[in-house]
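Novice: coords please:
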Amino acid sequence: MAALATTFGDARDAERLRRAPSALPELVAQERRRPGRRDARVLITVDQLEELFTLAGSDQRDLFLSALSAALRADSRLWVVATVRIEFLRSFLETGHAALFARPIALAPPRSAATPSCSQPSPPPRH
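Specialist: Numbering: from 1, shown residues only. Model prediction:
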């Protein structure tokens, strides 16, 4: 939550979100009320979401996912894009927030990155 909180720019809003993740829907609405942003879409990006399992406790994980769920229900113009290692997808699907992960898109590295750079061993050096 701390990283998400800092994206709002205002220290008071960041602290509010740290103390009460349930404030996320209101903070998104507040952001949209700023001049020139009324009809804007809001995108929240979350990198390494699997850290909710590797670094956070179950209470923190539930608070974070509950806040995202509430914000998405409250605002149809809010989008959340998260990256997660595929081996953790099942863990997310087994939480009470499985609906957040109902339509994952799996991406693989580009084919050239997955192709080995060597196709055979190099010849022994000549002396």
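
Novice: list the contacts for the residue positioned nearest the centre of the chain?
Specialist: When Cα atoms, centre = their mean is applied to the chain, the residue found nearest the centroid is residue 46 (2.4 Å). Counting by Cβ atoms under 8 Å, 6 or more residues apart in numbering, residue 46 touches 4, 80, 81, 82, 83. (Glycine included, C-beta is placed from N, CA and C.)

Novice: Then residue 40?
Specialist: Residue 40 neighbours (Cβ under 8 Å, 6+ apart): 32, 77.

Novice: Could you do residue 24 as well?
Specialist: Taking Cβ under 8 Å, 6+ apart, one finds 4, 17, 67, 68, 70, 71 in contact with residue 24.

Novice: give me the beta-bridge partners of the residue nearest to the centre of the chain?
Specialist: Beta-bridge pairing for residue 46 (DSSP bridges): residue 82.

Novice: and the gap between it and residue 36?
Specialist: Distance, residue 46 to residue 36, by Cβ to Cβ, to the nearest Å: 26 Å.

Novice: all helices of this protein, in order?
Specialist: 2-6, 11-19, 24-32, 51-54, 58-74, 89-93, 111-114 (DSSP state H).

Novice: Could you double-check that residue 49 sits in contact with residue 81?
Specialist: No - using Cβ atoms under 8 Å, residue 49 is not in contact with residue 81; the gap is 10.1 Å.

Novice: Just want to know which of the two has more residues nearby.
Specialist: Higher neighbour count among residue 49 and residue 81: residue 49, with 21 against 10, using other Cβ atoms under 10 Å.

Novice: got the phi/psi numbers for the more buried one?
Specialist: phi -60, psi -20 (degrees, to the nearest 10).

Novice: what's near enough to touch it?
Specialist: Contacts of residue 49 (Cβ under 8 Å, 6+ apart): 82, 83, 84, 88, 92.

Novice: Could you check the pLDDT of it?
Specialist: pLDDT for residue 49: 91.

Novice: Can you tell me how far it is from residue 59?
Specialist: 17 Å.

Novice: ok, now residue 72?
Specialist: 21 Å.
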